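Colleague: A predicted structure for the sequence below; I have some questions about it.
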Amino acid sequence: MHPDDIPLSPSQRSKIRRLSKYKAPEFGEAAGELNVIPYLDIIMNIVVFIITTLSVVFMSTIPSTPPSVGGGKATRAPKTKSLKLSALITSEGVALKTATGNIAQGCDRIGAGITIPMVGNGHDYGEITRCARELKRQNERFAKEKQVTITANPEVRYQVLIRVIDALRRDEKGELFPTVYFGVAR
């Protein structure tokens with residue numbers, strides 16, 4: 001023991017032991033740990049809410065070519081006659097046109113008017129597909145045709161446009177007109 005050291009009394013030693021003894025911090029005291037449980041509860045509730053309200057969107061694409069804007073190279077006309085099928089979607093129905101003229105109702109002859117008129121409040125997609133198959137059947141040269149140009153009036157809903165495209169692309173017997181071009185109504 002050093003001569004300058006003063007011995008501690010028993011009460012002082014008892015107090016030092018008592019104060020240096022570990023005691024668990026009380027709830028709410030700053031214990032040196034961050035309590036993140038309430039934060040995680042909030043985040044988990046938000047994640048569950050977002051997942052349950054999120055609508056799943058499945059995207060599909062239809063290969064198509066937009067209308068060209070002037071200045072393109074002129075191409076030679078094909079040596080054989082081609083069908084050059086175009087479909088105009090209106091609020092009254094679908095009008096089909098080929099290189100020889102407008103297709104009449106029934107798809108068996110050339111004539112004026114709407115080729116496939118509306119049925120009730122909607123378009124007749126089955127008749128559109130039947131008519132496309134009939135056009136391919138009428139001439140051997142047209143059996144190999146693959147393209148159609150679609151034009152729609154501004155009031156036509158997008159879903160109607162997509163359904164008409166699907167009706168013209170294929171049927172249960174196979175492909176009809178899988179190559180889709182978009183035209184501009186003039």
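Modeller: Looks like it arrived, so ask away.
Colleague: Now do the strands in this protein.
Modeller: 64-65, 85-89, 93-98, 101-102, 116-117, 147-152, 170-171, 174-175, 179-182 (DSSP state E).
Colleague: Sheet-wise, list the partners of the third one with their directions.
Modeller: The pairing partners recorded for strand 93-98 under DSSP bridges are strand 85-89 (antiparallel), strand 101-102 (antiparallel), strand 116-117 (antiparallel).
Colleague: in the protein, which helix or strand is least confident?
Modeller: When the helices and strands of the chain are scored by mean pLDDT, DSSP states H and E, strand 64-65 comes last with a mean of 67.
Colleague: What separation do you get for the residue nearest to Tyr125 when sequence neighbours are not counted and Arg133?
Modeller: Spatial nearest neighbour of Tyr125, chain neighbours left out: Ala167 (4.3 Å); criterion: C-beta to C-beta, 6 or more residues apart in numbering. The C-beta positions use only the backbone N, C-alpha and C, and glycine is treated the same way. Going from Ala167 to Arg133 by C-beta to C-beta, to the nearest Å gives 10 Å.
Colleague: out of the two, which sits in the more crowded spot?
Modeller: Ala167 (24 against 17; other C-beta atoms under 10 Å).
Colleague: between the strands of the chain, which gets nearest to Phe49?
Modeller: strand 64-65 (38.1 Å; C-beta to C-beta).
Colleague: Could you pull up the mean pLDDT of stretch 115-135?
Modeller: Averaging pLDDT along stretch 115-135 yields 88.
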